[in-house]
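Colleague: next input, structure requested:
(one chain, ligands or ions: 3)
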Amino acid sequence: MCFFGRKKTRHIAPAHTVVPEHIAIILDGNGRWAKKRGLPRTAGHAAGAETFRRIGTYCRDIGVKYLTAYAFSTENWRRSKDEVDAIWSLLYDYLRETLERMETERVKMKILGSREGMPERVRSLLEEIDRKAETIDGITLCLCINYGSRDEITHAVREICEECAAGTLEAKDVDADTVASHLYSAGIPDPDLVIRPSGEKRLSNFLMWQSAYSELYFCDTLWPDFKPEDIDLAVEEYSRRDRRYGGVKS
Ligand code: IPE
Ligand code: IPE
Ligand code: MG
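Modeller: Ligands and ions are numbered 1, 2, ... in the order given. As a prediction, this is how the structure comes out:
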């Protein structure tokens, strides 16, 4: 089993739709999905991981170039140890599989988030993934784990301050590009479309800098129930949006 799943889906986005270059998804609703079925929350996370494999494949098939997934936030440590351990175990399995398949599936995997505090075995896997990713040219898959925008921006500010103190950067030269280049997402274009399933309408500390001009799409489907058709609906709505970036439509 690979990160993106083996099975090709047959759904194709209609020709009139504009497929976003970069889709970012907040993988939310696993716990409620499990609760509805009388299952432990961890079963919801396992089901959510399977859904991500299927949706990843579908996004690649319709031509998405960058796919970003929010899988574990800096605040998710507040959950029970059992749940946190189960999530990291699923993440480890998923990263291991993906590392093995990155070349054959042509998936360039990037990890966004603070590596401090991550389980040691995950950290060493990430070093292998980073090395392998440099050699791969294909869909870029950004997995946000131990990720929070406030942590990301704080980390960037600290690095910029250190460079100023060392004399390698002047404060007057710091601009938005400087900040962007110090974020975990440096080099990745901003998301065109941010999708949050499960009915919640907030970013929960996700890509707050990068989503300044992203189109936001909310739906009620719980993440484990999310289907390629839900991506189609989001992409169709995205195609109807008018992105102005503060300017005026010509
Ligand atoms: C998202 O699902 C997965 C993580 C945050 C790790 P949740 O676990 O937040 O599911 P709900 O929101 O409780 O249903
Ligand atoms: C956001 O979902 C984080 C991830 C999906 C990884 P949460 O379930 O943690 O967010 P809140 O608590 O509902 O804001
Ligand atoms: Mg949630």
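
Colleague: CA atoms for contacts and neighbours, from now on please.
Modeller: Fine.

Colleague: can you pull out the low-pLDDT segments for the chain?
Modeller: Low-confidence segments of the chain (pLDDT under 70): 1-15, 250.

Colleague: and the residue nearest the centre of the chain, helix, strand or coil?
Modeller: Taking Cα atoms, centre = their mean, the centroid of the chain lies closest to residue 69, which sits 2.1 Å from it. Here residue 69 is recorded as strand under DSSP: H, G, I helix; E, B strand; the rest coil.

Colleague: was I right about it contacting residue 147?
Modeller: No. Residue 69 lies out of contact with residue 147 (Cα atoms under 8 Å); the separation is 10.5 Å.

Colleague: run through the bridge partners of the residue nearest to the centre of the chain.
Modeller: Beta-bridge pairing of residue 69 under DSSP bridges involves residue 25, residue 143.

Colleague: quick one: contacts for it?
Modeller: Counting by Cα atoms under 8 Å, 6 or more residues apart in numbering, residue 69 touches 24, 25, 26, 27, 141, 142, 143, 144.

Colleague: hmm, 10 Å instead?
Modeller: Residue 69 makes contacts with 23-27, 52, 56, 111-112, 141-145, 194-195, 206, as judged by Cα atoms under 10 Å, 6 or more residues apart in numbering.

Colleague: what do you get for residue 235?
Modeller: Neighbouring residues of residue 235 by Cα under 10 Å, 6+ apart: 13, 14, 17, 18, 19, 20, 23, 193, 195, 217, 229, 241.

Colleague: looking at those, which one is closest to ligand 2?
Modeller: Nearest to ligand 2, judged by Cα to the nearest ligand atom, of the contacts of residue 235 is residue 195 at 10.9 Å.

Colleague: secondary structure class for the closest one?
Modeller: Recorded secondary structure, residue 195: strand (three-state DSSP).

Colleague: what's opposite it in the beta bridge?
Modeller: Counting by DSSP bridges, residue 195 forms beta bridges with residue 25, residue 217.

Colleague: verify the contact between it and residue 215 for me.
Modeller: Yes. Judged on Cα atoms under 10 Å, residue 195 makes contact with residue 215 at a distance of 8.6 Å.

Colleague: which one of the two is surrounded by more residues?
Modeller: For residue 195 versus residue 215, the count of surrounding residues by other Cα atoms under 10 Å is larger for residue 195: 23 against 18.

Colleague: and that one, how close does it get to residue 167?
Modeller: Residue 195 sits 41 Å away from residue 167 when distances are taken as Cα to Cα, to the nearest Å.

Colleague: now the helix ranked longest in the chain, how far from the centre of its chain.
Modeller: Counting by DSSP state H, the longest helix found in the chain is helix 81-105. Here helix 81-105 is found 14 Å from its chain centre; the criterion is Cα atoms, centre = their mean, to the nearest Å.

Colleague: name the next helix or strand downstream of that helix, please.
Modeller: Heading C-terminal from helix 81-105, the first helix or strand you meet, by DSSP states H and E, is strand 107-112.

Colleague: against which helices or strands is that following strand packed?
Modeller: strand 66-73, helix 81-105, helix 120-133, strand 139-147 (3 or more Cα pairs under 10 Å, 6 or more residues apart in numbering; DSSP states H and E).

Colleague: what about residue 46, neighbour count?
Modeller: Neighbour count of residue 46, defined by other Cα under 10 Å: 18.

Colleague: ligand 2 contacts on this structure?
Modeller: Residues of the chain found near ligand 2 (Cα under 6 Å from any ligand atom) are 26, 27, 28, 70, 71, 72, 73, 76, 204.

Colleague: from those residues, which are also near ligand 1?
Modeller: Residues of the residues of the chain next to ligand 2 in contact with ligand 1 (Cα under 6 Å from any ligand atom): 27, 28, 71, 72.

Colleague: Serialize these to CSV and add fields for neighbour count.
Modeller: As requested, those are arranged in CSV below (neighbours: other Cα atoms under 10 Å):
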residue, neighbour count
27, 23
28, 22
71, 22
72, 21
